[in-house]
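Enquirer: Give me coordinates for this.
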Amino acid sequence: ETRETLTAQNEEIIAMNEELVSQNEEITAMNEEIVTLNQKLSAINTDLERRVEERTSELVAAHQELLAQHEEIRSAHDELLRNAEIQNALREIAEAALTVSLEQLYETIHQVVRRVLRVENIYITLVDPDSERIVRPYSTGRTNNVPQQRSQGKGWTEYVMRLRQAVHITQPFLQRLLSAGEVTMQIENCHEWLGAPLCDGQGECFGVIAIFSTDAARGFAVDDSAVLSIIAAQVSLAIERKRAEESLKINENRLQRAQALARVGNWEVDLARGRVWASDQTYRIYGLAKQSEYLSLADIRTVVSPDESLRLDRAMQQLLAGTAEYDLEFTLHRADDGQETRVHSRAEVVVDLQGKPQKVLGVIQDITERKRIESILVDSEARYRAVLEQAPEAIFICDPDTGQISETNSRFAERFGYDLMRHGPL
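Expert: As a prediction, this is how the structure comes out:
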C-alpha cells in the first residue's frame, strides 16, 4: 500500500514535471516572441527617431527660411515706406515751388529734411549771381556759426561744388582735408557734416544744402548721402524755378513801368482762337477796366469810330495778306472818361512753317501829348515866322561860334539881295 502510494505520488510528480516542462517551453517561446517584438519595436523606434530628426531638420530649415522671407518682406516694406516718404517729400517741395514764396519754400525744405533725415541743423548756401559771394539765405538749429555771407574761398560749400556730389565729412576726414589744404574753414561743435550740391538745368552748381550733427552719438546712416542728393536735386529745381519767377516778375514790373512812362502798350492777336491779348497799359490807353487778359473786338469798337474801325480792319487785312505794313495813327475816345486820344499802332505777323499766319504782335502808343506839343511847336513857329516877316527892319540870325547865317527875313533879302533859301547859308 505504501508502495502504491509512493508510485502514485511519483507519477503525479512526473506529470507535474512534464507540465512544468511544457510551461517552460511555452515561456521560452513567449520570451523568444517578446525578444522578436522588442527587436521590431527597436527598429520601429530607430526609424521613428530618424524620421522625427529629419522632419525636425526640415521644420527648422523651413522656419529659418520663413524668418529670412519675413526679414526680406519687412526690409522691402521698410524700403517701400522709405521710398514713399521720400516721394512725398519731393512732392511737397515741388508743390511749394508752385504755391509759396522763396522764404516759405526754404521753410518747407527744412521741415521735409528734418522729417526724412531726422536732423535739426540744416542750412542752405548759394552763390549770389550778382556779387559771386557765398550767401546763407536759410539756416536753422545750431548754425549761427555758419557765416551769413562771405567771399568765395576754401569753404565746405565750395568743396562740395567742386566735387559735384554729396560729401560726408567726419572729424578724421576733415583733418585730412585741412592738412591737404582742400578746406580752410571749420564749423564749431560739428561732429559730422553732410552736404549735397544744388545744380541748375545746365549742371552748373550754384549752392549746397547741408546738415550736420553736434552729437557724437548721432551720426549719419550709409544711405543718408543718397537721400540728401535726391532731395537736393528737387530743391535745385524748386530754387531755380523761384529765381526764374522772381526774375520774370522783376522784368515784368520793369516793362510795365517803362510802358507806363512811355505810354506804350502791347497786344497780340491769336488768329486761331480769334482773341486779343492786351497788356495793362493797353487797357489804360483804351480806358477799359481789365476784366480778363483778353480784349474783345466789341470793347475795341466802343472806343473807335466806325470810320477808324474800317481803317483798322483794312490795315489788318493788308498785313495778313502781306501787301502792306500795319503802321498807322488813329483817334479813339477812352471808354472811362470819353477823352479823345491820339494813338500810334504798329504790328507784324507771325507765320508757321508753311507760311500761314498764326499770330499778330503789335504795340500801341498814346501820342496825344506828343501831338499836342507838336501842335504847340507848329503854332509857335508860325507866330515866330510871322513876327520875323512883319518886322520893318532887315533881320538875320547867325551862329555865334561860326558866324554862319542860319535865318533871315524878307526885308534882309530885299535890302542885301541875299535869299537864304536860294543862295544857301553864308
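
Enquirer: Show residues contacting stretch 4-19.
Expert: Here stretch 4-19 makes contact (C-beta atoms under 8 Å, 6 or more residues apart in numbering) with no residue beyond itself. Backbone N, C-alpha and C define where each C-beta goes, glycine included.

Enquirer: Distance from the chain centre to the helix ranked longest in the chain, please.
Expert: With secondary structure taken from DSSP state H, the chain has its longest helix at helix 2-99. Taking C-alpha atoms, centre = their mean, to the nearest Å, one finds the center of helix 2-99 at 67 Å from the center of the full chain.

Enquirer: how many other residues sit next to His191?
Expert: 16 (other C-beta atoms under 10 Å).

Enquirer: so it makes contact with Leu174?
Expert: No: His191 is not in contact with Leu174 according to C-beta atoms under 8 Å; the separation is 10.2 Å.

Enquirer: what's the pLDDT at Met30?
Expert: Per-residue confidence at Met30 stands at 90 (pLDDT).

Enquirer: measure it to Asp366 for me?
Expert: Relative to Asp366, Met30 is positioned 134 Å away (C-beta to C-beta, to the nearest Å).

Enquirer: Look at the two and report which has more neighbours.
Expert: Asp366 (22 against 10).

Enquirer: Mind exporting the C-alpha coordinates of stretch 4-23 to CSV?
Expert: C-alpha atoms of stretch 4-23 as CSV (Å, rounded to 0.1, in the frame of the first residue of the first chain):
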residue,chain,number,x,y,z
GLU,A,4,1.4,2.1,-4.3
THR,A,5,1.0,5.4,-2.6
LEU,A,6,4.6,6.3,-3.5
THR,A,7,4.2,5.2,-7.1
ALA,A,8,1.1,7.3,-7.4
GLN,A,9,2.9,10.3,-5.9
ASN,A,10,5.9,9.7,-8.3
GLU,A,11,3.5,9.6,-11.2
GLU,A,12,1.9,12.7,-10.0
ILE,A,13,5.3,14.4,-9.7
ILE,A,14,6.3,13.2,-13.1
ALA,A,15,3.0,14.6,-14.5
MET,A,16,3.7,17.9,-12.8
ASN,A,17,7.3,18.0,-14.1
GLU,A,18,6.1,17.3,-17.6
GLU,A,19,3.5,20.1,-17.1
LEU,A,20,6.3,22.4,-15.8
VAL,A,21,8.5,21.5,-18.8
SER,A,22,5.6,22.2,-21.1
GLN,A,23,5.1,25.5,-19.3
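
Enquirer: So which other helices or strands are in contact with the host helix or strand of Arg115?
Expert: Secondary structure from DSSP states H and E places Arg115 in helix 102-117. Under the contact criterion of 3 or more C-beta pairs under 8 Å, 6 or more residues apart in numbering; DSSP states H and E, helix 102-117 touches helix 2-99, strand 122-127, strand 134-140, strand 205-213, helix 224-262.

Enquirer: what angle do the shortest one and helix 224-262 make?
Expert: Angle of strand 122-127 versus helix 224-262, following axes from the mean of the first three to the mean of the last three C-alpha atoms, to 10 degrees, is 50 degrees.

Enquirer: What lies in contact with strand 122-127?
Expert: Contacts of strand 122-127 (C-beta under 8 Å, 6+ apart): 106, 109-110, 113-114, 133-141, 143, 146, 152, 157, 161, 198, 205-211, 235, 239.

Enquirer: Buried only: go through the residues you listed for me.
Expert: In the contacts of strand 122-127, burial by neighbour count holds for 106, 109-110, 113-114, 134, 136-141, 143, 146, 157, 161, 198, 205-211, 235, 239, counting by 16 or more other C-beta atoms under 10 Å.

Enquirer: if we can go back for a sec, possible to save the helices and strands packed on helix 102-117 as a markdown table with distance to Gly181?
Expert: Output for those, formatted as a markdown table (distance: least, C-beta to C-beta, whole Å):
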| stretch | distance to Gly181 |
| --- | --- |
| helix 2-99 | 36 |
| strand 122-127 | 21 |
| strand 134-140 | 18 |
| strand 205-213 | 20 |
| helix 224-262 | 24 |
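
Enquirer: Model confidence at Leu426, what's the number?
Expert: Leu426 is given a pLDDT of 56.

Enquirer: Quick one: residues contacting Arg301.
Expert: Going by C-beta under 8 Å, 6+ apart, Arg301 touches Ser309.

Enquirer: Next: Leu198.
Expert: Contact analysis of Leu198 by C-beta under 8 Å, 6+ apart lists 124, 126, 205-209, 232, 235-236, 239.

Enquirer: State whether it is indeed within a strand.
Expert: Yes: assessed with DSSP: H, G, I helix; E, B strand; the rest coil, Leu198 lies in a strand.

Enquirer: how close does it sit to Arg3?
Expert: Taken as C-beta to C-beta, the span from Leu198 to Arg3 is 135 Å.

Enquirer: quick one on the thing from earlier: now the longest helix of the chain against helix 102-117, angle please.
Expert: Angle, helix 2-99 to helix 102-117, by the same axes, to 10 degrees: 170 degrees.

Enquirer: what about the spatially closest residue to Leu228 that is not a sequence neighbour, how many residues close to it?
Expert: Spatial nearest neighbour of Leu228, excluding adjacent residues (C-beta to C-beta, 6 or more residues apart in numbering): Ala196 at 4.5 Å. A count of neighbours around Ala196, defined by other C-beta under 10 Å, yields 26.

Enquirer: Which residues does Ala196 form beta bridges with?
Expert: In this structure, Ala196 bridges to Ile209 when assessed by DSSP bridges.

Enquirer: Name the helix or strand of this structure that has the lowest mean pLDDT.
Expert: None of the helices or strands of the chain scores lower by mean pLDDT, DSSP states H and E than helix 420-423, at a mean of 57.

Enquirer: tell me which element Gly219 is part of?
Expert: With DSSP H and E as the test, Gly219 turns up in no helix or strand.

Enquirer: remind me which residues of the stretch 301-426 of the chain are low pLDDT?
Expert: 403, 418-426 (pLDDT under 70).

Enquirer: tell me the strands in it, going along the chain?
Expert: 326-333, 340-351, 357-366, 396-398, 405-408 (DSSP state E, counting those that start in this stretch).

Enquirer: which one of those has the most crowded surroundings?
Expert: Among the strands of the stretch 301-426 of the chain, strand 357-366 has the highest mean neighbour count (mean count of other C-beta atoms under 10 Å), at a mean of 18.

Enquirer: Mind listing the strands it pairs with, and their directions?
Expert: strand 264-270 (antiparallel), strand 340-351 (antiparallel).

Enquirer: can you redo those strands as JSON lines with distance to Glu325?
Expert: JSON lines is the format used below for these (distance: least, C-beta to C-beta, whole Å):
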{"stretch": "strand 264-270", "distance to Glu325": "16"}
{"stretch": "strand 340-351", "distance to Glu325": "8"}
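
Enquirer: Appreciated, that's everything.
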